[in-house]
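Undergrad: what follows is a predicted structure for the sequence shown.
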Amino acid sequence: MEGRRYLRPEEVSQILAWLEREAIVARVKGHRVPVRDEALFQVAFSGGLRASELADLHVSDVSLVRAAPQIVVRRGKGGKRREVALPSALKPRLKEYLAWMPRAGFSADGESPLFPSRTGRRITRSGIWRAWKVALKGAGLPLDCPLHATRHSCGLGLYRATKDLRLVQKHLGHARPATTAGSTAPTTSSCAKASPAAPTSRASRPRGSTTARTRR
């Protein structure tokens, strides 16, 4: 698993497209976990959040006031707070997800978890890891690709788009520029080569039937 740090753009699209298909079917059948997972990994790929930061998000941490949505990370690494801008294309999806939560039986109060577990409690980091493995398997990608690849792919994509290392450092919540530099330097032995951006559209439609998901 060492060195497998990034995903190619088409692989990111492959994962997100599979998650979207699962979420569409889940909405029809009244299943909740696939809908949550699609929103969770959209934020993971676009925001570059750590697993612990994703698990700690509250509903009130999402701001849809501006054209581009924002996520507030209350306690990042070292207990630091930061605001993370997300692509404007993600705004309608987050708005739809927040409206879906109470219809699905989840609390949408401000202090409620943004990504609840199947029982309505806050999802754990291990729960996110299990969801990641299910997504990799469903998308037909290697299971040894770590969850942290979403974060590295986000950082590299942002750097390629802006060439601003300090901006990437702030976005990812790194304490040292050297850490950011390492995150934006693709290796030849990665999950693939690198993702210049995390797609939020329905552009990629890899073939394959919808598969059953393990509930978490």
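TA: All right, it came through fine. Please read these numbers as outputs of a predicted model, since none were measured by experiment.

Undergrad: and the strands in the protein, which stretches?
TA: 62-63, 70-73, 82-85 (DSSP state E).

Undergrad: any idea which of those scores lowest on pLDDT?
TA: Of all those, the minimum mean pLDDT falls on strand 82-85 (a mean of 86).

Undergrad: buried sites along that strand?
TA: 82, 84-85 (16 or more other C-beta atoms under 10 Å). C-beta here means a position set from N, CA and C on the backbone, and glycine is covered the same way.

Undergrad: could I get the strands of the chain as JSON lines with distance to W100?
TA: Output for those, formatted as JSON lines (distance: least, C-beta to C-beta, whole Å):
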{"stretch": "strand 62-63", "distance to W100": "13"}
{"stretch": "strand 70-73", "distance to W100": "18"}
{"stretch": "strand 82-85", "distance to W100": "22"}
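
Undergrad: the ones you listed: which one's closest to R125?
TA: strand 70-73 (14.7 Å; C-beta to C-beta).

Undergrad: what residues sit buried inside that closest one?
TA: Buried residues in strand 70-73 (16+ other C-beta under 10 Å): 70-71, 73.

Undergrad: ok, of those, which one's closest to L7?
TA: Closest to L7, out of all of the buried residues of strand 70-73 and judged by C-beta to C-beta, is I71, at 20.7 Å.

Undergrad: quick check: closest non-adjacent residue to V35.
TA: Nearest residue to V35, sequence neighbours excluded (C-beta to C-beta, 6 or more residues apart in numbering): A23, at 4.7 Å.

Undergrad: how far away from the center of its chain is stretch 101-113?
TA: 19 Å (C-alpha atoms, centre = their mean, to the nearest Å).

Undergrad: next one: stretch 110-117
TA: Centroid separation between stretch 110-117 and its chain, computed with C-alpha atoms, centre = their mean, is 15 Å.

Undergrad: pull up the distance across it, start to finish.
TA: End-to-end span of stretch 110-117 (C-alpha to C-alpha, to the nearest Å): 17 Å.

Undergrad: contacting residues around it?
TA: 36, 39-40, 54-55, 57-62, 106-107, 121-124, 127-128, 216 (C-beta atoms under 8 Å, 6 or more residues apart in numbering).

Undergrad: ok, of the residues you listed, which come out buried?
TA: Buried by 16+ other C-beta under 10 Å: 36, 39-40, 54-55, 57-59, 61-62, 106, 123, 127-128, 216, out of these.

Undergrad: tell me which of these is nearest to K137?
TA: Nearest to K137 among the buried ones among the contacts of stretch 110-117 is R216, at 13.7 Å by C-beta to C-beta.

Undergrad: okay, which residue is most central for this protein?
TA: A centroid search over the chain (C-alpha atoms, centre = their mean) returns A44, at 1.9 Å, as the residue closest to the centre.
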